[in-house]
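Enquirer: Model the structure of this input:
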Amino acid sequence: MDVLSIAIVAIIGGIVIALAGIFTDTHTKKQKIKLKAIEKEVELEKLRLETYTMETEKLRLELEQSKVLLLEEKQNSTK
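Expert: Below you'll find the predicted structure:
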């Protein structure tokens, strides 16, 4: 091999290494973005579950209150 061939191989090798670094960096950034999106989805699901739980408890209390009122009305009407 002459000096020119060695220089060309070195330049091509350097370019390949640089491109590999760029692709790796881009892939890493994409993965971090995906991870953040998943974390946000999990957070949103937790909030949805919390809201659902609170609504369910609210409805349960309203139902209990309605039962009590109906029982009181029934007792008052039978007197």
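Enquirer: So Ile12: helix, strand or coil?
Expert: Reduced to three states with DSSP: H, G, I helix; E, B strand; the rest coil, the structure at Ile12 is helix.
Enquirer: any idea how far it lies from Gln75?
Expert: Distance, Ile12 to Gln75, by C-beta to C-beta, to the nearest Å: 94 Å. Backbone N, C-alpha and C define where each C-beta goes, glycine included.
Enquirer: do Ala20 as well
Expert: Taken as C-beta to C-beta, the spacing of Ala20 relative to Gln75 amounts to 82 Å.
Enquirer: What is the distance between the helix or strand harbouring Leu49 and the centre of its chain?
Expert: In this structure, Leu49 sits in helix 3-77 according to DSSP states H and E. Averaged C-alpha coordinates place helix 3-77 at 0 Å from its chain's average position (C-alpha atoms, centre = their mean, to the nearest Å).
Enquirer: what does stretch 39-46 rub up against?
Expert: Stretch 39-46 has contacts (C-beta atoms under 8 Å, 6 or more residues apart in numbering) with no other residue.
Enquirer: Name the residues of it that are buried.
Expert: Residues of stretch 39-46 classed as buried: none (neighbour count, 16 or more other C-beta atoms under 10 Å).
Enquirer: Make residue 1 into 20 and carry on from there
Expert: Renumbered: residue one is now 20, and that last one reads stretch 58-65.
Enquirer: Give the rounded mean pLDDT of that stretch.
Expert: The pLDDT scores in stretch 58-65 average 98.
Enquirer: repeat for stretch 29-46
Expert: With pLDDT averaged residue by residue, stretch 29-46 scores 96.
Enquirer: Need the CA coordinates for it. PDB is fine.
Expert: Presented in PDB, the C-alpha positions along stretch 29-46 are these (Å, rounded to 0.1, in the frame of the first residue of the first chain):
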ATOM      1  CA  ALA A  29      -7.800   6.500   7.400                       C
ATOM      2  CA  ILE A  30     -10.100   9.300   6.200                       C
ATOM      3  CA  ILE A  31     -12.900   6.800   5.400                       C
ATOM      4  CA  GLY A  32     -12.300   5.100   8.700                       C
ATOM      5  CA  GLY A  33     -12.600   8.500  10.500                       C
ATOM      6  CA  ILE A  34     -15.800   9.300   8.600                       C
ATOM      7  CA  VAL A  35     -17.300   5.900   9.500                       C
ATOM      8  CA  ILE A  36     -16.500   6.400  13.100                       C
ATOM      9  CA  ALA A  37     -17.900   9.900  13.100                       C
ATOM     10  CA  LEU A  38     -21.100   8.700  11.400                       C
ATOM     11  CA  ALA A  39     -21.500   5.900  13.900                       C
ATOM     12  CA  GLY A  40     -21.100   8.400  16.800                       C
ATOM     13  CA  ILE A  41     -23.800  10.600  15.200                       C
ATOM     14  CA  PHE A  42     -26.200   7.700  14.700                       C
ATOM     15  CA  THR A  43     -25.600   6.400  18.200                       C
ATOM     16  CA  ASP A  44     -26.200   9.900  19.700                       C
ATOM     17  CA  THR A  45     -29.300  10.300  17.700                       C
ATOM     18  CA  HIS A  46     -30.600   6.900  18.800                       C
END
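Enquirer: No further questions, thank you.
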